[in-house]
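*Asks:* Sequence below, structure please.
(one chain, ligands or ions: 1)
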Amino acid sequence: MIFILNDLTPVEAQYYLQHAIAPRPICFASTIDKVGNVNLSPFSFFNLFSANPPIVIFSPGRRLRDNTIKHTLENVKEVPEVVINIVTQDMVQQTSLASCEYAKGVNEFIKAGFTPERATIVSPPMVKESKIKLECKVIEIKSLGNDAGAGNLIICEVLKLHMDDSLLDENKKIDQRKINHVARLGADWYCVVNETNLFTVPKPISELGIGVESLPENIRNSKILSGNDLGQLANVSEMPIVDATFSDVRLKEIIQYYSMSPDEMEKELHHYAKQLLSKGCVREAWQILISAY
Ligand SMILES: Cc1cc2nc3c(=O)[nH]c(=O)nc-3n(C[C@H](O)[C@H](O)[C@H](O)COP(=O)(O)O)c2cc1C
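*Replies:* Here you go, the predicted structure:
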């Protein structure tokens, strides 16, 4: 199915795009108006766009219901400062509550039960319960249109990053497993990032991978190895050669057992290599794939 965005209503367009472009991190934006009223609202049209200068952007859209603009946007036009509080699993229900369309001037810190904490260089308060907070100055606001659903990019320069000590190890490195970010997907779906679903993908930036097209044909066209498996195998800087010192009991068994049926042997070797790749053992997988020939 192909959707032509122009043929969809704004509500439909938002529905499909939000499911497709996910998960999105959540910016919990604290702002104030010119007389000091505090506002706190979540925005998942949000991301990091530059490290130098350090720029993040989030986007309060024009309300789909009545094409009015959100209080957050009104506030940053009056006072171009924002604290972006990063949302983690233990805050998600209160964060959702803060997204209610409360009347202008209503303080969502109070409604959602969060504790305001004085920021160090900007006027809006930080959310004490958030473990990561960004004090930002708004450097530009870019309207993307005047129709209902149109976004307004709030381009922010990050001046200060507050990171809870509990997230850092002894070398001041962040332990990703401890953050428990939550993110927004389509409709009411959220996800949490924790040890049960985190994984790493090593990428040697100093060396070029040989590329999938350089893999031997029987590996490239394997019915057993997946795209992810080929991606790992092709991410070596040169084609591996047989290592005479490599010894593996399972490899020997496969070679002995299937010596009379090369096709079956190849299948077994590919299954075994796949198992090794799922554990990140790329060198061993390569030896399994090339040693039998
Ligand atoms: C997790 C989450 C993410 C949201 N992301 C956005 C967003 O990116 N843009 C937007 O316009 N509204 C978004 N909303 C809805 C706003 O939070 C909601 O309209 C809020 O009332 C705006 O508050 P304000 O008028 O006080 O600024 C989101 C709501 C939730 C719960």
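*Asks:* Mind jotting down where the helices sit in the stretch 151-293 of the chain?
*Replies:* Using DSSP state H, counting those that start in this stretch, the helices found in the stretch 151-293 of the chain span residues 217-220, 227-233, 249-257, 262-278, 282-291.
*Asks:* got a list of contacts for the last one?
*Replies:* Read it as helix 282-291. 216, 219, 229, 232-233, 235-236, 240-243, 246, 248, 251, 269-270, 272-274, 276-277 (CB atoms under 8 Å, 6 or more residues apart in numbering). In this view, the C-beta of every residue, glycine as well, is placed from N, C-alpha and C.
*Asks:* try the fourth one
*Replies:* Applying CB under 8 Å, 6+ apart, the contact partners of helix 262-278 are 218-219, 222, 224-226, 228-229, 232-233, 250-251, 254-255, 257-259, 282, 284-286, 288-289, 292.
*Asks:* Just the buried ones from those, in ChimeraX syntax?
*Replies:* If you want just the buried ones from these in ChimeraX, going by 16 or more other CB atoms under 10 Å, the selection is:
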select :219,222,225,229,232,233,251,254,258,282,284,285,286,288,289,292
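*Asks:* out of the contacts of helix 262-278, which touch the ligand?
*Replies:* Counting by CB under 6 Å from any ligand atom, nothing from these sits close to the ligand.
*Asks:* would JSON lines of the helices of the stretch 151-293 of the chain with mean pLDDT be doable?
*Replies:* Output for the helices of the stretch 151-293 of the chain, formatted as JSON lines (pLDDT from 0 to 100):
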{"stretch": "helix 217-220", "mean pLDDT": "97"}
{"stretch": "helix 227-233", "mean pLDDT": "96"}
{"stretch": "helix 249-257", "mean pLDDT": "96"}
{"stretch": "helix 262-278", "mean pLDDT": "97"}
{"stretch": "helix 282-291", "mean pLDDT": "96"}
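*Asks:* Distance to residue 94 added to those, as JSON lines?
*Replies:* Shown next, in JSON lines, are the helices of the stretch 151-293 of the chain (distance: least, CB to CB, whole Å):
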{"stretch": "helix 217-220", "distance to residue 94": "51"}
{"stretch": "helix 227-233", "distance to residue 94": "37"}
{"stretch": "helix 249-257", "distance to residue 94": "52"}
{"stretch": "helix 262-278", "distance to residue 94": "38"}
{"stretch": "helix 282-291", "distance to residue 94": "44"}
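*Asks:* Select, out of these, the one closest to residue 13.
*Replies:* Evaluated with CB to CB, the helices of the stretch 151-293 of the chain place helix 227-233 nearest to residue 13, the distance being 29.9 Å.
*Asks:* Kindly export that closest one (C-alpha atoms) in CSV.
*Replies:* C-alpha atoms of helix 227-233 as CSV (Å, rounded to 0.1, in the frame of the first residue of the first chain):
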residue,chain,number,x,y,z
GLY,A,227,20.5,-9.7,6.2
ASN,A,228,21.7,-9.0,9.7
ASP,A,229,24.0,-12.0,9.5
LEU,A,230,25.4,-10.8,6.1
GLY,A,231,25.8,-7.3,7.6
GLN,A,232,28.0,-8.6,10.4
LEU,A,233,30.1,-10.9,8.0
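*Asks:* residues making contact with it?
*Replies:* With CB under 8 Å, 6+ apart, helix 227-233 has contacts from 212, 215, 219-220, 222, 225, 273-274, 277, 282, 285-286, 289.
*Asks:* could you redo the last one with a cut-off of 6 Å?
*Replies:* Residues from elsewhere that reach helix 227-233, judged by CB atoms under 6 Å, 6 or more residues apart in numbering: 212, 274, 277, 282.
*Asks:* pLDDT below threshold where in this structure?
*Replies:* Along the chain, segments meeting pLDDT under 70 span 204-205.
*Asks:* out of the helices of the stretch 151-293 of the chain, which comes closest to residue 181?
*Replies:* Short answer: helix 227-233, nearest of these by CB to CB, at 23.3 Å.
*Asks:* now that closest one, how far from the chain's geometric center?
*Replies:* Offset of helix 227-233 from its chain centre (CA atoms, centre = their mean, to the nearest Å): 21 Å.
*Asks:* Check stretch 233-245 too.
*Replies:* Stretch 233-245 sits 32 Å away from the centroid of its parent chain (CA atoms, centre = their mean).
*Asks:* What about the residue nearest to residue 254 when sequence neighbours are not counted, how many residues nearby?
*Replies:* In space, and not counting its chain neighbours, residue 254 is closest to residue 268: 4.7 Å by CB to CB, 6 or more residues apart in numbering. Residues near residue 268, counting by other CB atoms under 10 Å, number 21.
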